[in-house]
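Asker: no FASTA, just this:
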């Protein structure tokens, strides 16, 4: 099975959505973006909960655009979960099966099967919804989505209301649970870490459009657009001036000094080119890398985060930036911060730098 969305369009007041995407059998596409980017609108259109003005939704070669939601056999897990409080856990899981006329014996079998998949004891089938914890309710909602053997799975920020440790635990569980279904899956989130972890591919949405799509690794280490580079925040976006184009590289002037950028498949805006410098391209000490280039910056302060000590710098004014540019580097958790105001030498690995559009 595969899910295709072709030229899907919808307008609400000043907001317009135009969507093209495809999700393969067994693939999870993480649809990520800021609030208001159009993620939930896209989900509603694909699920049949909203009517598009143009375009088509195709599942396994069948155009389902004209079908109502209940005939598409698409399972949706909403942010609010939408569990029925008057039904027990088993009744919630098997609700869709009951509507379809599946026998009681078969419903019981599927309830036990899906409870096992989501790591809940079979005895939970008779539990009331209001006796469950937040994480247990999430599992029941996912079990319900799997019970009907859907043609596609859509999840709208299902873990957003949970505390951080439980959210992290359920993400890992979801990867294992997901392996029990070959249905194409779209997982909507505004969390960058969640998108990269759960998506086989990640699509960044902004202003009702998909800006960039690729693997999570590519989005973090080699984004193609400025918007993706800034959204995922795994490096710095700096201005530059093109000095010389060579066969396999481009010489540029930057706030870090003159650098050689591997051209590769990168494209850039000739009027105002931008560079993406990934976090792992910056070193506090020199190494044996052939592409390392030194530069200096003034240390202004530090901030301790869980992942390490964030060192804050100011780069010297540059030809196109008369004001000093802020620059941050994440060091080890045990590093002792330098004296504020001191100049420090740093190094950049030129082989990891890329242009962004």
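Answerer: Cool, the structure landed. Since this is a predicted model, take the numbers as computed values, not measurements. Numbering: from 1, shown residues only.
Asker: Next up, phi/psi of residue 132, please.
Answerer: Phi and psi for residue 132, reported as degrees, to the nearest 10, are phi -90, psi 150.
Asker: That one reaches residue 89, doesn't it?
Answerer: Yes. Contact criterion CB atoms under 8 Å: residue 132 and residue 89 qualify, at 7.4 Å. (C-beta placed from N, C-alpha, C; glycine too.)
Asker: So the two - more neighbours on which side?
Answerer: Neighbour count, other CB atoms under 10 Å: between residue 132 and residue 89, residue 89 has more, with 26 against 17.
Asker: Quote the end-to-end distance of stretch 82-89.
Answerer: Distance across stretch 82-89, first residue to last, is 13 Å (CA to CA, to the nearest Å).
Asker: nope, stretch 186-200 is what I was after
Answerer: Across stretch 186-200, the terminal residues are separated by 10 Å (CA to CA).
Asker: just the strands in the stretch 151-300 of the chain please.
Answerer: 152-156, 185-189, 201-206, 209-214, 235-239, 241-245, 249-254, 257-262, 274-278, 282-283, 292-305 (DSSP state E, counting those that start in this stretch).
Asker: Give me the distance from the second one to the chain's centre.
Answerer: Computed by CA atoms, centre = their mean, to the nearest Å, the chain-centroid distance of strand 185-189 equals 9 Å.
Asker: Partner strands of it, with direction?
Answerer: When pairing is defined by DSSP bridges, strand 185-189 lines up against strand 28-32 (parallel), strand 152-156 (parallel).
Asker: Strand 201-206 and that one, what's the angle between them?
Answerer: 50 degrees (axes from the mean of the first three to the mean of the last three CA atoms, to 10 degrees).
Asker: Same check on the longest one?
Answerer: With the same axes, to 10 degrees defining the directions, strand 292-305 sits at 80 degrees from strand 201-206.
Asker: and the angle for strand 292-305 with strand 257-262?
Answerer: Going by the same axes, to 10 degrees, strand 292-305 makes 100 degrees with strand 257-262.
Asker: same check, this time on the fourth one
Answerer: Calculated by the same axes, to 10 degrees, strand 209-214 forms an angle of 70 degrees with strand 257-262.
Asker: Can you list the buried residues in strand 209-214?
Answerer: Buried residues in strand 209-214, counted by 16 or more other CB atoms under 10 Å: 210-214.
Asker: isn't residue 269 right next to residue 275, touching?
Answerer: No. Using CB under 8 Å, residue 269 makes no contact with residue 275, being 11.3 Å away.
Asker: between these two, who's got more neighbours?
Answerer: Higher neighbour count among residue 269 and residue 275: residue 275, with 24 against 11, using other CB under 10 Å.
Asker: Who is the more buried one paired with across the strands?
Answerer: residue 238, residue 355.
Asker: Identify the contacts common to residue 132 and residue 89.
Answerer: Taking CB atoms under 8 Å, 6 or more residues apart in numbering as the criterion, residue 132 and residue 89 both touch 124, 140.
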